[in-house]
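**Q** After the sequence you'll find the predicted model.
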Amino acid sequence: MAPEISTAALIFACNEEDLADGETLRLDSEGGIAVYRVDGEFYATSDSCSHEKWSLGEEGELEGHEVLCTLHMARFDVRTGAPLCFPAVLALTKYRTVVTDGRVYVAPSED
């Protein structure tokens, strides 16, 4: 039996069924967090592109495990936050996600 996870210190993102594969959303917490669903898994990073402040959760395009910043075409790996091409050179902050009882949460401190 898996240990029970306390969600008291976590940020509620959405219900599992609220975010389909290939979709993103933006949370206002922690200065902005983008949540992504890829192949049934949930990932979270800081919301703003590290090149220029542009919302990845609202304006980004998710292509597999890559999110594209539509402002200047920077790409990031949603699993690690790593920049994949110029003009971005700084990684996004990566956050741990927890799914329990059909609810998706984000840990407020970075991984």
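**A** Here it is on my side, so go on.

**Q** Give the bridge partners for the most centrally placed residue in the chain, please.
**A** A centroid search over the chain (CA atoms, centre = their mean) returns residue 44, at 2.3 Å, as the residue closest to the centre. With DSSP bridges as the criterion, residue 44 is bridged to residue 35, residue 95.

**Q** from what I can see it touches residue 36, true?
**A** Yes: in terms of CB atoms under 8 Å, residue 44 counts as a neighbour of residue 36; the distance is 7.3 Å. In short, each C-beta sits where N, CA and C put it, glycine included.

**Q** Give me the distance between the residue nearest to the centre of the chain and residue 106.
**A** 5 Å (CB to CB, to the nearest Å).

**Q** what touches both of the two?
**A** Residues touching both residue 44 and residue 106 by CB atoms under 8 Å, 6 or more residues apart in numbering: 13, 33, 35, 95-97.

**Q** Show the buried residues in these.
**A** 13, 33, 35, 95, 97 (16 or more other CB atoms under 10 Å).

**Q** residues in contact with the nearest residue to the second one once chain neighbours are set aside?
**A** So that's residue 33. Take residue 33 and drop its neighbours on the chain: the residue closest to it by CB to CB, 6 or more residues apart in numbering is residue 27, 4.3 Å away. Counting by CB under 8 Å, 6+ apart, residue 27 touches 11, 13, 33-35, 47, 57, 106.

**Q** And residue 108, by the same measure?
**A** Going by CB under 8 Å, 6+ apart, residue 108 touches 9-11, 29-30, 95.

**Q** Would you mind listing where the chain has pLDDT under the threshold?
**A** By pLDDT under 70, the low-scoring segments of the chain are 1-5, 110-111.

**Q** change it to 50
**A** The model of the chain has pLDDT under 50 over residues 1-3.

**Q** Strands of that one, residue ranges please.
**A** 11-15, 24-27, 33-38, 41-46, 61-63, 66-68, 75-77, 94-100, 103-110 (DSSP state E).
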